[in-house]
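In: Sequence and predicted structure below; questions after.
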Amino acid sequence: MVAVTFSHRHLVISALFLTVACGGRRANLQPSPATPDQTVERFLAAVNASDVDGMAMLWGTRDGPEGVTHTMNETVRLQRLTIMQHMLKSDNHSITGTDITDPSKRVLTVSMTQNNRRFSIPFTLVPSRGGGWLINAIGLDAAMPDAGARP
C-alpha cells in the first residue's frame with residue numbers, strides 16, 4: 001500500500017473540493033468549431049439527433065457556449081433549446097449565403113426543408129473568446145408556417 005503524505009492528502013482534498021464546487025461537470029475542453037459553417041453544420045446535426053447538450057455547446061455568446069457559461073437557469077435553457085430543436089429539425093439543409101459586412105459577426109442563411117415546406121433561416125454567429133464561432137441568434141420566425149397555410 002502506498003503511503004499518502006500530507007501534501008498528497010491536501011492535493012486530493014483540493015481536487016475533490018473543486019469537483020464538487022463545479023457541480024461535478026467536465027469543463028468544455030474542445031474549442032468551438034473554427035468556422036461559422038462548421039458551427040452551423042454541427043448545430044443542425046445535433047438538432048436532428050435530438051442532442052440538446054450538443055446544441056448548448058454550439059450556442060452562446062462571445063463569453064462561451066451556454067453549455068459551459070450557464071448564463072440562464074437550466075429550465076429556461078432546456079426550454080429554449082427544445083423549441084429550437086423542434087423548429088429546426090429538417091429533412092435536409094444547405095448554407096445558401098454568408099453576410100460578412102460586420103467584422104464582429106457573421107450571418108449565415110440556411111435553406112431548410114421540412115416535409116414539403118422550404119424556408120430560409122438566418123443564423124448569427126459570433127467569435128468566442130475561447131476560439132472558434134458560436135451561434136448567438138437564430139431567426140426562428142422564418143421557420144413558422146404561414147398562418148394561411150394552416151389547416
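Out: Alright, I've got the coordinates.
In: Give me the buried positions along the longest strand out of those in the chain.
Out: The strand that spans the most residues within the chain, counting by DSSP state E, is strand 117-127. Neighbour counts over strand 117-127 (16 or more other Cβ atoms under 10 Å) mark 119, 121-127 as buried. Placement of C-beta: from N, CA and C, glycine included.
In: Same check on stretch 97-113?
Out: Buried-residue list, stretch 97-113, by 16+ other Cβ under 10 Å: 105-110, 112.
In: Now do the helices in this protein.
Out: Taking DSSP state H, the helices of the chain run over residues 6-21, 36-48, 52-56, 66-69, 74-88.
In: If I average pLDDT within each of those helices, which one is lowest?
Out: Mean pLDDT is lowest for helix 6-21 out of the helices of the chain, coming in at a mean of 40.
In: how near is I95 to L134?
Out: For I95, the distance to L134 equals 16 Å [Cβ to Cβ, to the nearest Å].
In: Looking only at neighbour counts, state which of the two leads.
Out: L134 (26 against 15; other Cβ atoms under 10 Å).
In: So that one sits against T124, correct?
Out: No - when contacts are counted by Cβ atoms under 8 Å, L134 is not listed as touching T124 (10.0 Å).
In: burial count for the nearest residue to R117 once chain neighbours are set aside?
Out: The shortest distance from R117 to any non-neighbouring residue, by Cβ to Cβ, 6 or more residues apart in numbering, is to P145 (6.9 Å). Neighbours of P145 under the rule other Cβ under 10 Å: 10.
In: confidence score at P145?
Out: Looking at P145, its pLDDT is 79.
In: close enough to count as contact, it and R118?
Out: No - judged on Cβ under 8 Å, P145 makes no contact with R118 at a distance of 11.7 Å.
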